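K.L.:
what's the 3D shape of this:
(chains A and B)
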Amino acid sequence: MALRAAGAGLRVWRAALGSGGSLLPSLRGFTAQAEPVEEEVIEKKGIQLRGAPMYLDMQATTPLDPRVIDAMLPFMTEQYGNPHSRTHLYGWEAEEAVEVARGQVAGVIGADAKEIIFTSGATESNNLAIKGVAGFFRDKKKHLITTQTDHKCVLDSCRYLQQRGFDVTYLPVQKNGLVDLGQLADAIRPDTSLVSVMAVNNEIGVVQPLADIGKLCREKKVFFHTDAAQAVGKIPIDVNAMNIDLLSISGHKLYGPKGIGAIYIRRRPRVRLEAQMSGGGQERGLRSGTVPHFLAVGLGAACDIAAQEMQRDQAHIKRLSERLYKGITSQLQGVVLNGDPEARYWGNINLSFAYVEGESLLMGLKDVAVSSGSACTSASLEPSYVLRALGVEEDMAHTSIRFGIGRFTTEAEVDRAVELTVQHVNKLREMSPLWEMVQEGIDLSKIEWAQH
Amino acid sequence: MASPAEARALFREFLRLSRHFGTSYNIKEYVRRRAREGFREAAAVTDTAELAKLWEAAQQQLAVVRRQSVVYDLYSRRHKHAMELLPKERA
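P.N.:
So this is what the prediction gives:
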C-alpha cells in the first residue's frame, strides 16, 4: 500500500512538473482518500460486508445528482457571499443565484417564484404551515384536520397545538391507505382553519387524491396544506390545478442536498401565517436566518433536473419496480403489497412477508440497504403506525420491507435484490414452525394458543 | 451541424468518462444509460434547429460529466460497490 501511494505521488509530481499536458489525469492519482483496496471486506457495527451494499432506500434519502453538485460547487468555493448583502459583488451574485433557484423550485410545482420560501427542510416547512396558519387564525378558528398516516412532524405539530387548546381531527384511512373524501367533508367544521394531507406516503407510497381534496377544501373555504416531500419532482404536481394553498418540499428526497427545503405559500387568495423564527426578517419575514445559498442552488438545480427528467425517471422506475414485484411474487407465496396497487408512486414498494420475522430478514439482507419503514422509526421494534392505520395485522406489520427505487437504481441491482430476498425468505421460513404448519394445511387463525 | 461521426465520437466520450466516477457504481451506470437514451432520442429528431439545441445541451452535459468524474474520483470510497464485485457474467 505504502509503495503504491508513493508511486502515485511520484506520478503526480512528474505530470505536474514535466509533461505540460492536461492536469486532469494526474489529479486522479491525487485522491483525498485512499484508493480502493484489494480486499473488499467492510467491517461496521459488528457485521462484515463484501463491498458497499446496493442502495434501495430512496425514501430515507436519495444520492445527490452529479449535476446538482456541479451547480453547487461554484458557491462553495469562490462565490461565497451572503445573499442578503446589498453593498458588494459577493452579495449580489449570491442573491442572483438564490433567485434563479427560487424560480426553478416554483417551476416544478407550477407556482410563482414569489410564493416560495426557503427553509431547512420539509420538517420545518410542515411546522411552519401547521403552527403558522393555526397561530394566525387562533382567535376565530380552533380546528385542524390531518390523517393518521401523515408524517411524524405533522402529527407532532398537531399534538403541540392540541396542548395549546386547539382541536385536531386525525382522519382514519381506508384499507388501501387512501383518505375517504366523504369522511373528510364530514370532518370539516365552520371553525376549521387547515387540512393537511400528505401527497405521497413515505412508508407505503400511496398517492392521495390531491385534486379532489383541494377542490373540497376550496369549496369549504379551508386552507389545504400538503406534505409533498416524497412527491415533488417524482409525480406531476400543479398547485393551481390541484387547489393547493401550502406545500412542503424537501431537498434530499429529489436528489438534492440535505439541510434545505422550501414551502410554497399561495398569494392569491393570500394565505396568512405566523412566522416561527424571529430574526433578520429574511424570506419576506416568514423565515429569518441567512439563506444557505449553495444549498438553495442545489435544491433549485434538483427541481429543474427533476422537471426535465420526470418522464424518463417515471418510465425507468415503473419498469424496475414491476420487475421487482413480479420477481418476488412469482417465486414466493404469502407476499402482500401494502397500500393501493394503483394510486401509488412506483418508487416505493412496501411488501409484507408472511411467517417471516422482519428484523431477521433485514439482518439477512445486509447486502441490500433497505428498511422496514421510515428511517425516523427504524430504531424501534414497534410495527409502523402507518401500517397499523391501514388495519394491517400485527404479524404482517412486523414483516414489512420497503424497497425504494430511484433514478440511479439499475436493473442488475433489482435482479440481485430479488434473488437475495427470495433466498433469505425461504431460509427463514424453513426454520419457522408456523410456516411448516401452514404447509400442512393448518389454519393458524383457528388455533387456540395456550396461555403461559 | 454535427456529422454522424462527430455524434458517435461525442457518445463514446460519455461512455469513456462514465468509467471514472470513483466507486459510484450507480452514477457510472446512470451516465451510460442516460447518454444512450439521449442519443437514441436525438436520432429520431429531424428538425435542424432542434438538433442544434440538442447538440449544445449535450456539450454542456459532457462538461458536467468531465468535471464531476474528477470530483467523484477524488472522493471515492475505499471499497468497491457490491455490484462491481459480482462475477462478471452476472453483473
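
K.L.:
need the nearest residue in space to residue A:193, chain neighbours excluded.
P.N.:
residue A:141 (3.8 Å; C-beta to C-beta, 6 or more residues apart in numbering or on different chains). Every C-beta, even on glycine, is put in place using the N, C-alpha and C of the backbone.

K.L.:
looking at it, that neighbour is touching residue A:188, isn't it?
P.N.:
No: contact criterion C-beta atoms under 8 Å: residue A:141 and residue A:188 do not qualify, at 11.3 Å.

K.L.:
quick one, helices of the chain?
P.N.:
Because you didn't say which chain, this covers chain A. A:2-14, A:24-27, A:66-76, A:89-108, A:122-136, A:152-163, A:181-187, A:210-219, A:293-329, A:358-364, A:385-389, A:394-397, A:411-431, A:433-439 (DSSP state H).

K.L.:
hmm, no, I was thinking of chain B.
P.N.:
B:4-18, B:25-43, B:48-74, B:82-85.

K.L.:
where are the low-confidence patches of chain A?
P.N.:
Within chain A, the segments meeting pLDDT under 70 span A:1-40, A:374-381, A:451-452.

K.L.:
break it into its domains for me.
P.N.:
Taking automatic domain parsing as the reference, chain A has its domains at A:7-64+A:310-440, A:69-304.

K.L.:
for residue B:24, find the nearest of those domains.
P.N.:
Residue B:24 sits nearest to domain A:7-64+A:310-440 of all those, at 8.1 Å, using C-beta to C-beta.

K.L.:
show me what from the stretch 201-350 of chain A comes close to chain B.
P.N.:
A:312, A:316 (C-beta under 8 Å from any C-beta of the partner chain).

K.L.:
for the stretch 201-350 of chain A, which residue gets nearest to chain B?
P.N.:
As assessed by C-beta to the nearest C-beta, chain B sits closest to residue A:312 within the stretch 201-350 of chain A, at 6.3 Å.

K.L.:
quick one: neighbours of that residue, just the number.
P.N.:
Using other C-beta atoms under 10 Å in any protein chain shown, residue A:312 is surrounded by 15 other residues.

K.L.:
related to what we said a few turns ago, could the helices of chain A go into TSV alongside distance to residue A:193?
P.N.:
Compiled in TSV, these are given as follows (distance: least, C-beta to C-beta, whole Å):
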stretch	distance to residue A:193
helix A:2-14	63
helix A:24-27	57
helix A:66-76	36
helix A:89-108	25
helix A:122-136	6
helix A:152-163	10
helix A:181-187	13
helix A:210-219	11
helix A:293-329	28
helix A:358-364	39
helix A:385-389	24
helix A:394-397	33
helix A:411-431	44
helix A:433-439	49
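
K.L.:
which one of those is the most hemmed in?
P.N.:
Among the helices of chain A, helix A:122-136 has the highest mean neighbour count (mean count of other C-beta atoms under 10 Å in any protein chain shown), at a mean of 24.

K.L.:
that helix vs helix A:152-163, what angle?
P.N.:
Angle, helix A:122-136 to helix A:152-163, by axes from the mean of the first three to the mean of the last three C-alpha atoms, to 10 degrees: 20 degrees.

K.L.:
show me what helix A:122-136 is packed up against.
P.N.:
Applying 3 or more C-beta pairs under 8 Å, 6 or more residues apart in numbering or on different chains; DSSP states H and E, one finds that helix A:122-136 makes contact with strand A:116-119, strand A:143-147, helix A:152-163, strand A:192-196, strand A:223-227, strand A:246-250, strand A:261-265.

K.L.:
how near is the nearest residue to residue A:151 once chain neighbours are set aside to residue A:126?
P.N.:
Of all residues not flanking residue A:151 in the chain, residue A:227 sits nearest, at 5.5 Å (C-beta to C-beta, 6+ apart). Residue A:227 sits 5 Å away from residue A:126, taking C-beta to C-beta, to the nearest Å as the criterion.

K.L.:
hey, what's in contact with both of these two?
P.N.:
Common contact partners of residue A:227 and residue A:126 (C-beta atoms under 8 Å, 6 or more residues apart in numbering or on different chains): A:151, A:154, A:196, A:248.

K.L.:
residue A:103: which of those is nearest?
P.N.:
Nearest to residue A:103 among these, with distances taken as C-beta to C-beta, is residue A:248, at 18.7 Å.

K.L.:
what residues are up against that closest one?
P.N.:
Residue A:248 sits next to A:122, A:125-126, A:129, A:225-229, A:261-263 when contact means C-beta under 8 Å, 6+ apart.

K.L.:
burial of residue A:165, as a residue count?
P.N.:
Residue A:165 sits with 8 neighbouring residues when counted by other C-beta under 10 Å.

K.L.:
was I right to think it contacts residue A:142?
P.N.:
Yes: applying C-beta under 8 Å as the test, residue A:165 and residue A:142 come out as touching, 7.1 Å apart.

K.L.:
show me the contacts for the nearest residue to residue A:253 once chain neighbours are set aside.
P.N.:
Closest residue to residue A:253 apart from its sequence neighbours, by C-beta to C-beta, 6+ apart: residue A:229 at 5.2 Å. Taking C-beta under 8 Å, 6+ apart, we find residue A:229 in contact with A:122, A:151, A:202, A:248-250, A:253, A:261.

K.L.:
change it to 6 Å
P.N.:
A:122, A:250, A:253 (C-beta atoms under 6 Å, 6 or more residues apart in numbering or on different chains).
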